[in-house]
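Asker: Output the structure for:
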Amino acid sequence: MKSRSAVPTLQDVADRAGVARATASLALNGKGRMSEQTRQRVRTAADELNYVVNVSARNLRTARSGAVGIYIPDHTLSSRYYMDVAFGAVEQAQSSDLLVTLMPTAFAPRSGITEHLDGFIMVDPMDGDPIVERLLRGRAPVVSGEGSPAGLPSPFGLVQSDHRAGMRVLLDHLWEHGSRHPACILPDHSIAWGRQMHEGYADWCAERGIEPRLAAGTLHATPQENRELVAAFVADLGEVDAIVGGADGVALMALDALREAGIEVGPDMMLASYVDGDALAVTEPSITALDLAPRDFGRRCMDLLAGALDGTIEAGATVEMPVTLIPRASTMRVRTLR
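Answerer: So this is what the prediction gives:
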């Protein structure tokens, strides 16, 4: 007679549901061809028995560790956007029984730690990053959040937004509210979305016969270096009547610099951010931004990686993410056209 304290097994679930052990396994993992009624009967049996999947045993059978890595370079760790991407990926990993290891730059080269991971997500991979090259040349599947550097093997999957179109959405909004000389403070060309933003701004200005006014920072810059870049830019605005901050936090730095210069955001100067954040909605005035849906972005990255590991998604899969305008007070006062 079985003890009441015995841990329920997959066979117990199969017996209770009246199906074969293999069918019970497929049903609990969301695989196999069977009726929804059968799948639900297996799930109900598992719930009634308080059955928990033995992840360690399953991984031993499949020669997998059950853990994946997310590579986010050190200079991004203070950014809310990148943390939201990581949290979204972690949330989604739970549905595939995957553990997630966050791999900042200093952590990633330690091969004894990274080689046991089943796959990787790299977020905004930079040109010339040796860790990006190592991951893409490795055996484990890699999903890239935004485009990967040229000249390297393609990632297994790609999640991306159209940042040329995103720049156009933001600049068109400024134009519609009276701006005729918008300027941009953008990251450099070392990442895909930085390149696309530069291209989108240049194309938009060319279509309207406007001379671009641009300051380019680097993703490795310290907050103090970024503040100095923004302050120097604000000190010599000329005809500029709107500023777009590209990287997370730049618009808030511009707001401070404009205030110090005696320039009122709204009546005197429009201000917008390419990346939304909590502070932009509550500052005075609130700052127009684009919602890049970072948590959902991370979830989609993890979806592709889980599909790569269980064989349900083919190599080359691409997911296009939307970019949504959030108009706020910093750009909503129509100015007299010059």
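Asker: Show me where the stretch 201-338 of the chain has its helices.
Answerer: Secondary structure of the stretch 201-338 of the chain, counting by DSSP state H, counting those that start in this stretch: helices at 223-234, 250-260, 278-282, 294-310.
Asker: Kindly present those as a markdown table, with separate columns for distance to Glu320 and mean pLDDT.
Answerer: From N, CA and C alone the C-beta is placed, and that goes for glycine too. Shown next, in a markdown table, are the helices of the stretch 201-338 of the chain (distance: least, Cβ to Cβ, whole Å; pLDDT from 0 to 100):
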| stretch | distance to Glu320 | mean pLDDT |
| --- | --- | --- |
| helix 223-234 | 30 | 84 |
| helix 250-260 | 25 | 92 |
| helix 278-282 | 25 | 94 |
| helix 294-310 | 10 | 94 |
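Asker: would CSV of those helices with distance to Ala242 be doable?
Answerer: Formatted as CSV, the helices of the stretch 201-338 of the chain follow (distance: least, Cβ to Cβ, whole Å):
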stretch, distance to Ala242
helix 223-234, 13
helix 250-260, 11
helix 278-282, 16
helix 294-310, 25
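Asker: So in terms of bridging, what pairs with Val159?
Answerer: Taking DSSP bridges as the rule, Val159 bridges to Gly145, Val319.
Asker: list the contacts for it?
Answerer: Counting by Cβ atoms under 8 Å, 6 or more residues apart in numbering, Val159 touches Val143, Ser144, Gly145, Glu146, Phe297, Arg300, Cys301, Leu304, Thr318, Val319, Met321.
Asker: now for the helices of the stretch 201-338 of the chain, which one comes closest to Ala89?
Answerer: Closest of those to Ala89 is helix 294-310, at 3.8 Å (criterion: Cβ to Cβ).
Asker: picking that back up, quick one, which of the contacts of Val159 are buried?
Answerer: Buried members of the contacts of Val159, scored by 16 or more other Cβ atoms under 10 Å, are Val143, Ser144, Gly145, Glu146, Phe297, Arg300, Cys301, Leu304, Val319, Met321.
Asker: Helix or strand: which one has the first one?
Answerer: When secondary structure is defined using DSSP states H and E, the element that contains Val143 is strand 142-145.
Asker: Quick check: end-to-end length of stretch 133-145?
Answerer: 15 Å (Cα to Cα, to the nearest Å).
Asker: got a list of contacts for it?
Answerer: 71, 85, 109, 117-125, 148-149, 152-160, 297-298, 301-302, 304-305, 308-309, 315.
Asker: Let's see that with 7 Å instead.
Answerer: By Cβ atoms under 7 Å, 6 or more residues apart in numbering, the list of residues contacting stretch 133-145 from outside reads 71, 85, 117-125, 148, 152-153, 155-159, 297, 301, 304-305, 308-309.
Asker: what does stretch 194-205 give?
Answerer: 163-164, 167-168, 171, 184, 186-189, 211-212, 214, 246, 274.
Asker: Just the mean pLDDT for that stretch, thanks.
Answerer: Average pLDDT, stretch 194-205: 96.
Asker: Show me what counts as buried in it.
Answerer: Gly194, Arg195, Gln196, Met197, His198, Gly200, Tyr201, Trp204, Cys205.
Asker: And stretch 242-261, by the same measure?
Answerer: Those would be 242-255, 257-258, for stretch 242-261 by 16+ other Cβ under 10 Å.
Asker: before we move on, what about stretch 163-170?
Answerer: His163, Arg164, Gly166, Met167, Arg168, Leu170.
Asker: now the residues you listed as a markdown table including secondary structure?
Answerer: Converted to a markdown table, these look like this (DSSP: H, G, I helix; E, B strand; the rest coil):
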| residue | secondary structure |
| --- | --- |
| His163 | helix |
| Arg164 | helix |
| Gly166 | helix |
| Met167 | helix |
| Arg168 | helix |
| Leu170 | helix |
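Asker: which of the residues you listed lies closest to Leu98?
Answerer: His163 (28.7 Å).
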